[in-house]
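[1] Quick one, structure for this:
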Amino acid sequence: MWIPTILIVAIATSLPLDPVQGAERQPFHVSHFDRGVTVNLTITSVMTSLASEYDFDVTIGLIELNGEGAVQYLDDARHGARVNCAGRGKVFVGGTAYVPSFAPGKSDWKVDLLKSVCNSPVS
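    Predicted structure coming up:
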């Protein structure tokens with residue numbers, strides 16, 4: 001299993017400015033915080049990578065929900081990552097390539113991104 005590290009850094013996406021539309025996205029990773037606050041990471045786009053050593057270029061959105069489930073913050077910045085599905089996989093984000101290790105009972109957003117992109121049909 002991949003070794004988790006909590007690092008929510010990404011380099012290129014746009015989320016819709018409409019909080020309802022953003023809240024409808026299915027998250028690939030959810031982090032839980034005090035008072036029921038959650039931060040959901042969503043894939044906003046997937047395309048074949050322009051970099052030969054990666055399979056996909058993805059954009060990632062961030063939605064923070066308060067304890068009642070209402071949108072508290074919708075990240076409308078651009079966040080991007082590159083994903084390589086071969087072998088153990090690799091995620092390139094923020095100028096660094098991460099090769100995850102598997103560790104039972106741990107969850108990491110990069111691992112969840114790999115699983116979501118590499119184990120799902122991409123259109």
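[2] going forward, measure contacts between C-alpha atoms and count neighbours the same way
    Will do.
[3] now stretch 57-74, how far from the centre of its chain.
    Distance of stretch 57-74 from the chain centroid (C-alpha atoms, centre = their mean, to the nearest Å) equals 11 Å.
[4] Quick one: list the elements packing against the longest helix along the chain.
    Longest helix in the chain, counting residues (DSSP state H): helix 109-118. Packed against helix 109-118 by the contact rule (3 or more C-alpha pairs under 8 Å, 6 or more residues apart in numbering; DSSP states H and E) you find strand 27-32, strand 80-84, strand 90-93.
[5] Swap in 10 Å and give it another go.
    Contact partners of helix 109-118 among helices and strands, from 3 or more C-alpha pairs under 10 Å, 6 or more residues apart in numbering; DSSP states H and E: strand 27-32, strand 38-48, strand 56-65, strand 80-84, strand 90-93.
[6] Give the rounded mean pLDDT of it.
    The average pLDDT within helix 109-118 is 92.
[7] Buried residues in it, which are they?
    109-114, 116-118 (16 or more other C-alpha atoms under 10 Å).
[8] try stretch 62-75
    62-66, 71, 74-75.
[9] likewise stretch 89-109?
    89-93, 99-100, 107-109.
[10] repeat for stretch 45-64
    Under 16+ other C-alpha under 10 Å, the buried positions of stretch 45-64 are 46, 49, 54-64.
[11] Between the residues you listed, which sits nearest Cys85?
    Comparing those against Cys85 with C-alpha to C-alpha places Asp55 closest, at 6.6 Å.
[12] hang on, that closest one packs against Met47?
    Yes - at 8.5 Å, Asp55 counts as touching Met47 under the criterion of C-alpha atoms under 10 Å.
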